[in-house]
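# With the sequence up front, the predicted model follows.
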Amino acid sequence: MNERRKKTRRRTPCQTAVFDSSTGEHLGWVVNITCEGIMLRGEEALNTDQIYDLRIELPDPIKGHSRLDVRAHTLWSQRSMDPAYYNSGLELVEVPAHVNAVIELLVRDAVFQRWVS
């Protein structure tokens with residue numbers, strides 16, 4: 001895979017669940033994140049070239065938000081090193097400013113346990 005990422009991603013040290021907002025289906029967990037995209041690990045491969053409305057459940061509220069609602073486009077999905085899981089790369093699209101501000105905090109502080117409310 002050709003490395004096109006421009007920003008540093010931060011690994012998330014805890015289980016940050018991601019759901020399909022339309023169906024409520026659990027899609028996986030955030031592996032790493034930037035303001036431009038996320039990598040998910042899930043039990044099923046995501047459809048590539050598909051738009052998902054995601055709900056990211058935050059382990060602790062950040063700036064008063066306990067979840068992030070974002071739209072994302074799946075760029076790739078492949079089996080993880082652990083064959084029980086798949087990794088999927090998604091590009092965030094149409095990110096509202098308040099969500100972008102929360103993601104910037106996530107990227108800046110890789111430890112999910114000290115958030116400013």
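Yep, it's here.

# for the protein, what spans make up the helices?
Using DSSP state H, the helices of the chain run over 97-108.

# Going by residue numbers, what spans are strands in it?
With strands called from DSSP state E, the chain shows them at 10-11, 17-20, 26-33, 37-42, 51-62, 65-79, 86-93.

# Of the ones you listed, give the one that comes closest to residue 106.
Among the strands of the chain, the nearest to residue 106 by C-beta to C-beta is strand 26-33 (5.7 Å). The way it works is simple: take the backbone N, C-alpha and C, and place the C-beta from them, glycine included.

# That closest one pairs with which strands, and in what direction?
Strands that pair with strand 26-33, judged by DSSP bridges, come out as strand 10-11 (antiparallel), strand 17-20 (antiparallel), strand 37-42 (antiparallel).

# Mean neighbour count, those: which tops it?
Comparing those by mean neighbour count (mean count of other C-beta atoms under 10 Å), strand 37-42 comes out on top with a mean of 22.

# Identify the bridge partners of residue 67.
Going by DSSP bridges, residue 67 is paired in beta bridges with residue 57.

# Surely it and residue 60 touch.
No: Residue 67 is beyond contact range of residue 60, at 11.4 Å (criterion: C-beta atoms under 8 Å).

# What values do phi and psi take at residue 43?
Residue 43 adopts backbone torsions of phi -80, psi -20, taken as degrees, to the nearest 10.

# Adding mean pLDDT and distance to residue 107, write the strands of the chain out as TSV.
Shown next, in TSV, are the strands of the chain (pLDDT from 0 to 100; distance: least, C-beta to C-beta, whole Å):
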stretch	mean pLDDT	distance to residue 107
strand 10-11	45	5
strand 17-20	96	16
strand 26-33	92	7
strand 37-42	94	11
strand 51-62	90	12
strand 65-79	95	13
strand 86-93	97	12
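
# okay, the ones you listed in a markdown table with distance to residue 103 next?
Listed next are the strands of the chain as a markdown table, based on distance: least, C-beta to C-beta, whole Å:
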| stretch | distance to residue 103 |
| --- | --- |
| strand 10-11 | 10 |
| strand 17-20 | 13 |
| strand 26-33 | 6 |
| strand 37-42 | 9 |
| strand 51-62 | 9 |
| strand 65-79 | 7 |
| strand 86-93 | 8 |
